[in-house]
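>>> whatever this is, show me its structure:
(chains A and B)
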Amino acid sequence: MIFLTRRATFSASHYYWNEAWPEEKNRQVFGRCANRNGHGHNYTLEVTVAGEPDPVTGFVVDLKWLKDVIEREVLAAWDHRHLNLEVPEFSKAMPTTENIAVAAWSRLERTVDAAGGARLSRVRVYETPEIFAEYRGHDGQISARPPGAEGAR
Amino acid sequence: MKAFFGRRYTFSASHRLHTPALSEEQNSAAYGKCNNPHGHGHNYVVEVLVGGPIDAETGMVIDLARLDRVVQATVLERFDYTNLNLDPMFSNRVPTTENLCKAVFQLLQEPVAPAELAHVRVEETENNSFEYYGEGSNGNDD
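Got it, this is the predicted structure:
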């Protein structure tokens, strides 16, 4: 099994605010991130797919295809957007780095897996060079998803 | 639903790779310039990855500020601007970055709970890095 990673970047704004909480608790838990005017990041998205190299092309997947999938499924919706206000998956879920990783997985999984040959293995989102979140599917196991093993999840 | 949150930290420390189990010549052969009697230093980068469910109220696996406090108190204050060879954790162990990685994991495993410490990665220089996933792990963070 070979793991192949493609990196992409997008820029977006967000804030953290739980409507169920009073202002004081929001400020205490989320600190600077609770500023309702929002703030922004240059995010880096790393998408890892797993599969066997094709015997003819030597590719696990065509990297140009993967780049196009990432741009169409994720960047088109998120780049230069306000995540809380413009991106449907964050109308309720907080746009934390963790939830962004899960949302990116949800946007990519079907397309990547349907193409055959490779499965989505891991999504990593860097909010800054020092802060990142990772999602590997529901069970959190990176190796449990060989092609076609639907039962593993 | 399990997700992972990671954070990178830096500290600066010195060490000398030398073991009393080997002769001077053997130490020199095994560790090369890292065996220099007066030691040398690195700017280490420590990457901490914790796993767990995403809290429904906060959207977080772990509170970043709490993780920072834990790493600061247990790892950075202990090792930053120190000589690793003099730390009790290395009194019977050579402070290779493999052993340092394991030591950092051991220092953090309990304090990050209830989040699970998935791995610790230590970069000694830009070109070499080490990862530890805990005892009995197959390297898949499970």
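
>>> shouldn't A:Arg122 be in contact with A:Leu45?
No. With contact defined as C-beta atoms under 8 Å, A:Arg122 does not reach A:Leu45; the gap is 11.3 Å. Placement of C-beta: from N, CA and C, glycine included.

>>> from chain B, how far off is A:Ser91?
13 Å (C-beta to the nearest C-beta, to the nearest Å).

>>> after whichever strand or helix holds A:Ala76 comes which helix or strand?
A:Ala76 belongs to helix A:76-78 when assigned by DSSP states H and E. Using DSSP H and E, the helix or strand that follows helix A:76-78 in sequence is strand A:81-82.

>>> strands along chain B, start to end?
Applying DSSP state E to chain B gives strands spanning B:2-15, B:40-53, B:82-83, B:116-125, B:128-132.

>>> how about CSV for these, with distance to chain A added?
CSV is the format used below for the strands of chain B (distance: least, C-beta to the nearest C-beta, whole Å):
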stretch, distance to chain A
strand B:2-15, 3
strand B:40-53, 6
strand B:82-83, 22
strand B:116-125, 9
strand B:128-132, 13
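
>>> could you dump the ones you listed to TSV with mean pLDDT, mean neighbour count and distance to A:Glu73?
Output for these, formatted as TSV (pLDDT from 0 to 100; neighbours: other C-beta atoms under 10 Å in any protein chain shown; distance: least, C-beta to C-beta, whole Å):
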stretch	mean pLDDT	mean neighbour count	distance to A:Glu73
strand B:2-15	96	20	19
strand B:40-53	96	18	25
strand B:82-83	94	15	47
strand B:116-125	95	20	27
strand B:128-132	94	15	30
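
>>> the lengthiest helix in chain B vs strand B:116-125, what angle?
Ordering each helix of chain B by length in residues (DSSP state H) puts helix B:97-109 first. Going by axes from the mean of the first three to the mean of the last three C-alpha atoms, to 10 degrees, helix B:97-109 is angled at 150 degrees with respect to strand B:116-125.

>>> go through helix B:97-109 and flag the buried ones.
Going by neighbour count (16 or more other C-beta atoms under 10 Å in any protein chain shown), the buried part of helix B:97-109 is B:97, B:99-108.
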